[in-house]
Structure formats: C-alpha cells, structure tokens
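S.K.: Here's a sequence, model it:
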Amino acid sequence: MQTQTEHSPRTHAPASSIDVAKALFFAAAGVSFLLSVALWFSGDHERGMFVGLWVPSICSAGALLLAGGNRG
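M.R.: Numbers count the residues shown, from 1 in each chain. Predicted structure coming up:
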C-alpha cells in the first residue's frame with residue numbers, strides 16, 4: 001500500500017511572477033469592492049458608487065498589463 005507522502009497528487013510549484021501579479025490585481029479589486037459596499041451601507045452612497053467603479057478599472061488594467069507580454 002502506498003502512503004500519502006510517497007505519491008502525493010498535490011505538488012506545489014513556486015508561484016510565478018504572473019501568478020503573484022494576478023493575485024495582487026484580484027486582491028485590489030476585492031478590497032475596492034468591499035470598501036464600496038461598506039461606504040454604500042454606511043449611508044455615503046455617492047462615494048460608494050465612485051469606489052465601486054474602481055473594480056472594473058482595476059480588473060481591466062490588470063488584464064491589459066498581464067496580456068501585454070503575450071503579443072507578438
């Protein structure tokens with residue numbers, strides 16, 4: 001019988017710089033979304049909507065910057 005440690009199906013490779021960049025953009029968009037929701041429900045609707053508009057902007061910037069190296 002094989003033990004779990006001998007042939008573990010889960011091997012973790014070191015994170016590449018692209019993976020780290022994706023995670024940072026995703027985290028920034030998530031923080032922006034949570035801040036937007038917090039502002040909205042605290043009664044500051046105008047600022048909540050303004051910060052909420054950052055989410056697609058952050059995601060678009062991340063997509064453009066990360067796809068830039070694949071051209072060509």
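S.K.: So which residues of the protein form helices?
M.R.: Taking DSSP state H as the test, the helices found in the chain are 17-41, 45-52, 54-67.
S.K.: In CSV, list these along with mean pLDDT.
M.R.: Below are these laid out as CSV (pLDDT from 0 to 100):
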stretch, mean pLDDT
helix 17-41, 95
helix 45-52, 96
helix 54-67, 93
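S.K.: export those helices to JSON lines and tack on mean neighbour count?
M.R.: C-beta here means a position set from N, CA and C on the backbone, and glycine is covered the same way. Below are the helices of the chain laid out as JSON lines (neighbours: other Cβ atoms under 10 Å):
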{"stretch": "helix 17-41", "mean neighbour count": "14"}
{"stretch": "helix 45-52", "mean neighbour count": "14"}
{"stretch": "helix 54-67", "mean neighbour count": "13"}
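S.K.: For the residue nearest the centre of the chain, give me its contacts.
M.R.: Closest residue to the average C-alpha location of the chain: residue 26 at 0.9 Å, with Cα atoms, centre = their mean. By Cβ atoms under 8 Å, 6 or more residues apart in numbering, residue 26 lies in contact with residue 62.
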